[in-house]
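>>> okay, predicted coordinates and the sequence, questions at the end:
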There are 2 protein chains.
Amino acid sequence: MELALLYSGGKDSSLAALLLDRFYDVRCVTGTFGLTDDYEHAEAAAESLGFPFDTVELDQAVAGEAVELMQEDGFPRNGIQRVHEHALETIAELDVDAIADGTRRDDRVPTISRAQAQSLEDRHDVDYIAPLSGFGRHAVDRLVDDTFEVEQGPSEEIPKADYEGELRALLVEEHGPGAVADVFPDHEQTYVHGRTD
Amino acid sequence: MELALLYSGGKDSSLAALLLDRFYDVRCVTGTFGLTDDYEHAEAAAESLGFPFDTVELDQAVAGEAVELMQEDGFPRNGIQRVHEHALETIAELDVDAIADGTRRDDRVPTISRAQAQSLEDRHDVDYIAPLSGFGRHAVDRLVDDTFEVEQGPSEEIPKADYEGELRALLVEEHGPGAVADVFPDHEQTYVHGRTD
């Protein structure tokens, strides 16, 4: 069965790929607004894990909405959620049996409720799978330590493709360089370089 | 890493075993009140899939509470939930890194909330994993069709070890044969005989 996994090159979506690999033909897919080349980091990570990779084009109007939300809120959560939902809707249109993402049990954002999952499945005639939603933070960290070579650091220095880079770029364009620091607090990101085994 | 999976021999916990097998040394564990030999069905199913198997002894007082709940309610849900929580608490005491069960996204019972999961982990210093909680009914059914030889039929005719057999036996003992029909509506059960591949 063909599955499209929304993929950023980070530890969560990389772990999701390996979990799903037991049952599905997994393709790692990164959504891009065409604003930066960040998707290349996801492509390199997917390649290092041996998965096929694709990009899908996201709607720039949604990036605009997300940036306005984040600017108004003063935090990124609702903007990231908006983009994630749009990205799931987009990959649900691909010719696959199932779609998936790397959301975890303990994530505050993005989250897909049971009702949203069912709606996505019914409208697109596709299975939506969140293989890490039954794993807590500690369990994920242990599996990641056992499985991947990971680079960790502040968000702005770690090469990833989780929309954040593109939304940062658009924030600067629309609201000036100071807007990024207002919206995004410093936090750590990870990037997968390959397996340890 | 060692993982104890609460195992019934049914399709859900069998699928959970295969998903977890990628990352953990999975042991299938069936809780028993010592009222019937139903655990032997789970043992045979685990053996057919190539997983090690154990039983753990559950507290008969909990079976008594569960049967009283079911009898009062006129339906089994709260009694089954009570026993499932007790079984998770019991396997959390084993010398393992993680415990797991086969609960799915669309299950009405048993369910373990995010708060319950966190509490279980904190109190027992163990990871709790629900590997199917990100899979809907349709996705599980497709994977099961691809993966297992399954026998399906009415609950009372399908050999399984999901507490229901023992609770039925105790209901009869405490409240007479009519009590079972009052509490358990007819529904279909499955039992795994092995892999198709």
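Ah, there it is.
>>> A:C28 falls within a helix, correct?
No. Secondary structure of A:C28 (DSSP: H, G, I helix; E, B strand; the rest coil): strand, not part of a helix.
>>> my read is that it contacts A:Y7, right?
Yes. Taking contacts as C-beta atoms under 8 Å, A:C28 lies within contact range of A:Y7: 3.7 Å. To be clear about C-beta, it is placed using only N, CA and C from the backbone, and glycine gets the same treatment.
>>> so what sits against both of the two?
A:13, A:17, A:42, A:46, A:51, A:53 (C-beta atoms under 8 Å, 6 or more residues apart in numbering or on different chains).
>>> before we move on, the earlier item: so which of A:C28 and A:Y7 has more stuff around it?
A:Y7 (33 against 26; other C-beta atoms under 10 Å in any protein chain shown).
>>> gap between the more buried one and A:T30?
According to C-beta to C-beta, to the nearest Å, A:Y7 stands 5 Å off from A:T30.
>>> now for these two: what residues contact both?
A:42, A:53, A:161.
>>> let's have those residues in TSV, adding secondary structure, pLDDT and distance to A:T196.
Listed next are these as TSV, based on DSSP: H, G, I helix; E, B strand; the rest coil; pLDDT from 0 to 100; distance: C-beta to C-beta, whole Å:
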residue	secondary structure	pLDDT	distance to A:T196
A:A42	helix	95	20
A:F53	strand	98	21
A:A161	coil	73	22
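>>> a markdown table for the residues you listed, including distance to chain B and neighbour count?
As requested, the shared contacts of A:Y7 and A:T30 are arranged in a markdown table below (distance: C-beta to the nearest C-beta, whole Å; neighbours: other C-beta atoms under 10 Å in any protein chain shown):
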| residue | distance to chain B | neighbour count |
| --- | --- | --- |
| A:A42 | 21 | 29 |
| A:F53 | 21 | 18 |
| A:A161 | 22 | 28 |
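>>> if I pick the closest residue to A:T103 other than its chain neighbours, what's in contact with it?
Among residues not flanking A:T103 along the chain, A:A130 sits closest, at 5.0 Å (C-beta to C-beta, 6 or more residues apart in numbering or on different chains). Going by C-beta under 8 Å, 6+ apart, A:A130 touches A:100-101, A:103, A:112, A:117, B:134.
>>> please check those and keep the buried ones.
A:100-101, A:103, A:112, A:117, B:134 (16 or more other C-beta atoms under 10 Å in any protein chain shown).
>>> name the residues of chain A found near chain B, please.
Contacts of chain A with chain B, taken as C-beta under 8 Å from any C-beta of the partner chain, map to A:1, A:18-19, A:21-23, A:97-98, A:103, A:105-106, A:114, A:117-118, A:121, A:127-136, A:138-139, A:142-143, A:146-147.
>>> if we use 6 Å, what do you get?
A:22-23, A:127, A:129-131, A:133-135, A:138-139, A:143 (C-beta under 6 Å from any C-beta of the partner chain).
>>> mind listing which of the residues you listed are in helices?
Of these, the ones assigned to helices by DSSP state H are A:138-139, A:143.
>>> just the element for A:P110, please.
For A:P110, there is no helix or strand it lies in under DSSP states H and E.
>>> that'll do, ta.
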